[in-house]
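Trainee: kindly generate the corresponding structure for this input.
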Amino acid sequence: MNMSLLFQLMVYELLDIIPCSLLAAAPLRHEPHVRGHTAAAAAVLYILGIGRRLMVAAHPATGAPLSVLWIVLYVLAFLLVYRVPLSKSLFVLLTVLNFASLVAILYSFLGDKLFGSRFSSAPYGMEACLSLALVWAVFFPPCHYFMAHRLATLISLHTTDGSWRFLWLVPATFCVFFYYNLLTAGGYLHFSADTRNFAFAMVISAGFCFVLSLVLRLVWENDTVLTLKQENYQLSLQALQYENLQSRIEETRRARHDLRQSMVAIQAFLQSDDREALKQYTARYCEALPADEPLLFCREPAVNAVLSYYARSATEQGIPFETKVEHPESACIPDTDMVVLLGNLLENAVEACKRQAGPERFIRLAIRLEGGALIIVMDNSYTGEPLSDSDTLRSSKSDRLGIGSASVRQITEKYHGVAKLWGDGTQFHASVCLPLTGRLK
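Mentor: Numbering: from 1, shown residues only. Coordinates of the predicted model:
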């Protein structure tokens, strides 16, 4: 191969890899990524792409396996640069591959009609480069707008993370269809030479765009519904906090109202010098006073509401409730998840103590920041069989799996943390570690 043909091949590879790389990076530009690896990954892919095309030119039979290998290498390079879940990465890359397949079919059809045999005889020549540049000039702006705005908005949503585990199969299905038909037809040039194949590919591409838009719309609507549910849940927590506050105010008002009558009784005991009766009366009076648990555990309203609720519930049951909370004011972990996590731990603790016979009942909760992580440690008394962390924790209220424990583990895994739940027969221990790297502001 002379230098002129090598230069044409290098230009063609640039026209092929740069638009695809920009489209793949567009929806993830705000996601965590390793900046120093971006240029290196692009350079390596560019060199490997040139080598792949040289290998196919010398040995045409290697075209299909090298194409598959190229896709695998492209995915690996993408994962090394961007710190996003594999399912989201696959959705983005497979969508770009479908756009690239559509562009390849269009430029092959256009080149064949404009340049005829000159185009087919030089697949990487100047005619091919010109055709590819023209097609990308038309299709790149709308494709980039879709990737950078429509898809980027959904990629940034964390409430739909579970859906991406299946959504990537949508572009994967169309991608398999494209590559199967292209490879069995002998490549883009042979496939696009038949006008019927070209028309059929355009129909499939239109179907892909329609299905893709429909799927993303469903994801958006699902996220909107989840957001509304979370907002309603927060409102219910605020109402709960208000009810607790009103109850405390009413108890204090009642105690003050009764103070006058109590002072009359105390004065009577003093006048009669009946110290034993006075001692018993004051003891009963102190027991009837409102509980002295703090109204404010932390400055996060939703978290404070759930802590206040279970603190009051434990106090009403005569269960000692101790807390030491150092929850950060910034929303390092969404309050909806924190409320579910703490609520499940405390609900199980209160239920276990209520069923426990004897005075040795307690609940101790500590929340603190340590080493870039949020640490939650809770101990409570219980009576039952020893439980190891590897055991399947079962709800003591029924014979089914404990939904609360499963929810705690699910939320912990969502933020790549660690949860340990175990009991020795008399005390139950729960410790949760949630990394906060990149979350605190």
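
Trainee: Leu374: which element?
Mentor: Using DSSP states H and E, Leu374 falls within strand 373-381.

Trainee: helix or strand next in line after that strand, which one?
Mentor: helix 403-414.

Trainee: using CSV, write out the CA atom coordinates for that following helix.
Mentor: What follows is helix 403-414, C-alpha atoms only, in CSV (Å, rounded to 0.1, in the frame of the first residue of the first chain):
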residue,chain,number,x,y,z
ILE,A,403,-38.7,-7.2,53.7
GLY,A,404,-37.1,-4.6,55.9
SER,A,405,-33.7,-6.3,56.0
ALA,A,406,-33.8,-6.9,52.3
SER,A,407,-34.6,-3.2,51.7
VAL,A,408,-31.6,-2.2,53.9
ARG,A,409,-29.3,-4.4,51.8
GLN,A,410,-30.8,-3.1,48.5
ILE,A,411,-30.3,0.5,49.4
THR,A,412,-26.7,-0.2,50.6
GLU,A,413,-25.8,-2.0,47.4
LYS,A,414,-27.3,0.9,45.4
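
Trainee: got the buried residues for it?
Mentor: The neighbour-count check on helix 403-414 (16 or more other Cβ atoms under 10 Å) flags 404-405, 407-409, 411-412 as buried. Glycine gets a C-beta too; all of them are placed from N, C-alpha and C.

Trainee: give me the contacts around that helix.
Mentor: For helix 403-414, contacts defined as Cβ atoms under 8 Å, 6 or more residues apart in numbering pick out 161, 337, 340-341, 344-345, 347-348, 393, 395, 418-419, 421, 430, 432, 434.

Trainee: likewise for stretch 208-221?
Mentor: If you take Cβ under 8 Å, 6+ apart as the criterion, stretch 208-221 is touched by 95, 98, 150-151, 153-154, 157, 160, 163, 167, 170-171, 174.

Trainee: which one of the residues you listed is nearest to Ala57?
Mentor: The nearest member of the contacts of stretch 208-221 to Ala57, counting by Cβ to Cβ, is Asn98 at 25.7 Å.

Trainee: test my guess that the closest one contacts Tyr179.
Mentor: No. Assessed by Cβ atoms under 8 Å, Asn98 is found out of contact with Tyr179, at 9.9 Å.

Trainee: look at the two and report which has more neighbours.
Mentor: Neighbours around Asn98 and Tyr179, counted as other Cβ atoms under 10 Å, are more numerous at Asn98. The numbers are 24 against 17.

Trainee: how near is that one to Leu86?
Mentor: The gap separating Asn98 from Leu86 is 18 Å, by Cβ to Cβ, to the nearest Å.

Trainee: got it, and Ser247?
Mentor: Taken as Cβ to Cβ, the span from Ser247 to Leu86 is 49 Å.

Trainee: can you check Tyr415 too?
Mentor: Counting by Cβ to Cβ - Tyr415 and Leu86 are separated by 17 Å.

Trainee: okay, these two: which has more neighbours?
Mentor: Neighbour count, other Cβ under 10 Å: between Tyr415 and Leu86, Tyr415 has more, with 20 against 12.

Trainee: for the residue nearest to that one when sequence neighbours are not counted, helix, strand, or coil?
Mentor: Excluding its sequence neighbours, the residue lying closest to Tyr415 (Cβ to Cβ, 6 or more residues apart in numbering) is Leu434, at 5.0 Å. Of the three states, Leu434 takes strand according to DSSP: H, G, I helix; E, B strand; the rest coil.

Trainee: OK, contacts around Leu434?
Mentor: Applying Cβ under 8 Å, 6+ apart, the residues near Leu434 are 333, 373-374, 376, 412, 415, 417.

Trainee: again, but for Phe139
Mentor: Contacts of Phe139 were listed using Cβ under 8 Å, 6+ apart, and they are 99, 102-103, 106.

Trainee: next step: these restricted to helices.
Mentor: Residues of the contacts of Phe139 located in helices (DSSP state H): 99, 102-103, 106.

Trainee: closest to Leu6 among these?
Mentor: Nearest to Leu6 out of those is Val103 (Cβ to Cβ; 23.5 Å).

Trainee: what pLDDT does the closest one get?
Mentor: On pLDDT, Val103 comes in at 91.

Trainee: what lies in contact with the strand holding Leu374?
Mentor: For strand 373-381, contacts defined as Cβ under 8 Å, 6+ apart pick out 327-328, 332-333, 341-342, 345-346, 349, 352-353, 356, 360-369, 417, 426-436.

Trainee: change it to 7 Å
Mentor: Outside strand 373-381, the residues that touch it by Cβ atoms under 7 Å, 6 or more residues apart in numbering are 332-333, 345, 349, 352-353, 356, 360-368, 426-436.

Trainee: note down every partner strand of it and its orientation.
Mentor: The strands beside strand 373-381 in its sheet (DSSP bridges) come out as strand 363-370 (antiparallel), strand 427-435 (antiparallel).

Trainee: between helix 403-414 and the last one, find me the angle.
Mentor: Right, strand 427-435. Interaxial angle of strand 427-435 relative to helix 403-414 (axes from the mean of the first three to the mean of the last three Cα atoms, to 10 degrees): 30 degrees.

Trainee: list the buried ones in strand 427-435?
Mentor: 428, 430-435.

Trainee: the residue nearest to Ala430 when sequence neighbours are not counted pairs with what?
Mentor: Leaving aside its chain neighbours, Ala430 sits nearest to Met378 (4.6 Å; criterion: Cβ to Cβ, 6+ apart). Bridge pairing for Met378 (DSSP bridges) gives the partners Leu365, Ala430.

Trainee: pick the one among the ones in helices among the contacts of Phe139 closest to Thr224.
Mentor: For these, the nearest to Thr224 is Phe99 (27.0 Å; Cβ to Cβ).

Trainee: Thr383: what's it in contact with?
Mentor: Taking Cβ under 7 Å, 6+ apart, one finds 356-357 in contact with Thr383.

Trainee: and it, what's its pLDDT?
Mentor: For Thr383, the pLDDT comes out at 86.

Trainee: for Gln356, see how far away it is.
Mentor: Taken as Cβ to Cβ, the span from Thr383 to Gln356 is 5 Å.

Trainee: pLDDT-wise, what's the bottom of the contacts of Leu434?
Mentor: Ile333 (78).

Trainee: are we agreed that that residue is in a helix?
Mentor: No. Applying three-state DSSP, one finds Ile333 to be coil, outside a helix.

Trainee: His416 against Pro435, yeah?
Mentor: Yes. The criterion here is Cβ atoms under 7 Å, and His416 meets it with Pro435 at 6.0 Å.

Trainee: got a quick ChimeraX command for the buried subset of the contacts of helix 403-414?
Mentor: Those of those that count as buried under 16+ other Cβ under 10 Å are selected in ChimeraX with:
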select :337,340,341,344,345,348,393,419,421,430,432,434
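
Trainee: which one of the contacts of helix 403-414 is nearest to Gly116?
Mentor: Relative to Gly116, and with distances defined as Cβ to Cβ, the nearest of those is Asp161, at 50.5 Å.
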